[in-house]
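Trainee: turn this into a model:
(one chain, ligands or ions: 2)
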Amino acid sequence: MIIVMSPQASKEELQQVIDRVEAANCKVHLSEGRVRTIIGVIGEKKLMAELPLEAMDGVEKVVEVTESYKLVTREFKQEDTVIDIGGVLIGGENLVVMAGPCAVESREQLLESARIVKAGGAQFLRGGAFKPRTSPYAFQGLEEKGLELLAEAREKTGLKIVTEVMDVQSVAIVADCADILQIGARNMQNFQLLKSVGRINKPVLLKRGMAATLNEWLNAAEYIMNEGNYNVILCERGIRTFEDYTRNTLDLSAVAAIKMISHLPVIVDPSHGTGVWKLVGPMARAAVAAGADGLMIEVHPNPAVALSDGKQSLTPKKFNLLMKDLAAIAHVMGRTLV
Ligand code: PEP
Ligand code: MN
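Mentor: Ligands and ions are numbered 1, 2, ... in the order given. A predicted model of the protein is given here:
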């Protein structure tokens, strides 16, 4: 249920409504918009139905949200969510680029990658320290050492860090290093992990599960928000279909659809979305045209020797060329590639 307060509602009236809702053992989420405050109420339907909220002073209307997710919706928050990460804004008019290798492989490889993506104009360095690999014999990441290297790269370049957290036990150490915690496609419905990152004070980048519907993806974001962390960025990274020319089928319609349903920023990962470096540029350009708030792109100093995902990684030169295209398309779309 959503309670829309009138634009003239006073602080006292707002507090009285909150007290009433909490007294009925329901949970309150506040969305303070430019014009009005909206109260998201989570609790038992029966209890909520009995609350005489519409009669309370300052209440404009009470809206039943029939979807299973509520806080992610535009009913709860009309304006786009803009997340401020140390001065870099995600959402709104900016177009952000997160780039870097699939995995942190070595100090030299990471610092070189950081230098390249910084020079190309990215604001975030991506790179996995904990890698979810299909085979247990494949390179699993440098783990804590990888996190230290990411922190060093930030120190040296000023780039912000986005890196994956794979389990509840690692949330604290990854949060210590990362500016954004990434939840990978394979963990999109790891509900304990979602709740755990919902309780920390760091933005979360939530990748779409390999076979997740928009409904399931938005519900996963709702898990995080329901714990109090509203700084969620959605990332479309392709889904499994019958098509096997590409690694995944990049669903760009999801960007436009999510933008209609939700206020959360949406970024696109054309690297995992296609698995083919030659398709990364075209799909990155299309993503910006489709309204994405940013891109996550795999870049490696030498993709031919990458320990993971070399086939979908751009060389420094190709990344630079792509960034120029993106700046031009961003401009047409009324956005700034910051
Ligand atoms: C990644 O970005 O490193 C990754 C493993 O992506 P995904 O979870 O989308 O497969
Ligand atoms: Mn990868």
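Trainee: which residues of the protein lie near ligand 2?
Mentor: Counting by CB under 5 Å from the ion, the chain comes close to ligand 2 at C102, D309. Using the backbone N, CA and C atoms, a C-beta is placed for each residue, glycine as well.
Trainee: can you do 6 Å?
Mentor: For the chain, the contact set with ligand 2 under CB under 6 Å from the ion comprises C102, H272, E298, S308, D309.
Trainee: how about the second one, what does it touch?
Mentor: Right, H272. A185, R237, G238, R247, N248, E298, D309, Q312 (CB atoms under 8 Å, 6 or more residues apart in numbering).
Trainee: same thing with the first one?
Mentor: Neighbouring residues of C102 by CB under 8 Å, 6+ apart: G127, G128, K131, S271, E298, H300, A306, L307, S308, D309, S313.
Trainee: residue of the stretch 201-338 of the chain nearest ligand 2, please.
Mentor: Of all residues in the stretch 201-338 of the chain, the one sitting closest to ligand 2 is D309 (3.6 Å; CB to the ion).
Trainee: so the residue sitting furthest away from the middle of the chain versus A254, what's the distance?
Mentor: Among residues of the chain, the one most distant from the C-alpha centroid is A55; the distance is 38.2 Å, by CA atoms, centre = their mean. With distances taken as CB to CB, to the nearest Å, A55 is found 41 Å from A254.
Trainee: the contacts of H272 in strands, which ones?
Mentor: Counting by DSSP state E, the part of those found in strands is E298.
Trainee: using a markdown table, please lay out the contacts of H272 together with pLDDT, neighbour count and distance to R20.
Mentor: Shown next, in a markdown table, are the contacts of H272 (pLDDT from 0 to 100; neighbours: other CB atoms under 10 Å; distance: CB to CB, whole Å):
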| residue | pLDDT | neighbour count | distance to R20 |
| --- | --- | --- | --- |
| A185 | 98 | 21 | 41 |
| R237 | 98 | 24 | 42 |
| G238 | 98 | 26 | 45 |
| R247 | 98 | 20 | 52 |
| N248 | 98 | 21 | 47 |
| E298 | 98 | 29 | 51 |
| D309 | 98 | 20 | 52 |
| Q312 | 98 | 26 | 53 |
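Trainee: does K70 touch G43 like I think?
Mentor: No: at 11.1 Å, K70 does not count as touching G43 under the criterion of CB atoms under 8 Å.
Trainee: from the contact counts, what lies against the helix ranked longest in the chain?
Mentor: In the chain, with assignment by DSSP state H, the single longest helix is helix 316-332. Judged by 3 or more CB pairs under 8 Å, 6 or more residues apart in numbering; DSSP states H and E, helix 316-332 is in contact with strand 94-100, helix 107-120, helix 277-289, strand 294-298, strand 336-337.
Trainee: what's in contact with that helix?
Mentor: 95, 97, 99, 116-117, 119-122, 277, 280-281, 284-285, 288-289, 295, 297, 299, 301, 314, 336-337.
Trainee: how far away from the center of its chain is that helix?
Mentor: Averaging C-alpha positions (CA atoms, centre = their mean, to the nearest Å) puts helix 316-332 22 Å from its chain's average.
Trainee: any idea of the angle it forms with helix 107-120?
Mentor: If you take axes from the mean of the first three to the mean of the last three CA atoms, to 10 degrees, helix 316-332 sits at 30 degrees to helix 107-120.
Trainee: tell me which residues of helix 316-332 are tucked away?
Mentor: P316, K318, F319, N320, L322, M323, L326, A327, I329, A330 (16 or more other CB atoms under 10 Å).
Trainee: and the angle from that helix to strand 94-100?
Mentor: 170 degrees.
Trainee: how near is V97 to E222?
Mentor: 27 Å.
Trainee: so which of these two has more stuff around it?
Mentor: The neighbour comparison of V97 against E222 (other CB atoms under 10 Å) goes to V97, with 26 against 22.
Trainee: next one: the more buried one from ligand 1, what distance?
Mentor: 14 Å (CB to the nearest ligand atom, to the nearest Å).
Trainee: what bridges to that residue?
Mentor: Here V97 shows beta-bridge partners L295, assigned using DSSP bridges.
Trainee: quickly note the distance from it to V35.
Mentor: With the distance defined as CB to CB, V97 ends up 32 Å from V35.
Trainee: one more: G120?
Mentor: 39 Å.
Trainee: out of these two, which sits in the busier spot?
Mentor: When neighbours are counted by other CB under 10 Å, G120 and V35 differ, and G120 comes out ahead with 22 against 9.
Trainee: hang on, isn't that one packed against S113?
Mentor: No: applying CB under 8 Å, one finds G120 not in contact with S113, separated by 10.6 Å.
Trainee: which residues do the two both contact?
Mentor: V299.
Trainee: re the thing from before, closest to L205 among the contacts of C102?
Mentor: Of all these, L205 sits closest to G128, with 12.3 Å by CB to CB.
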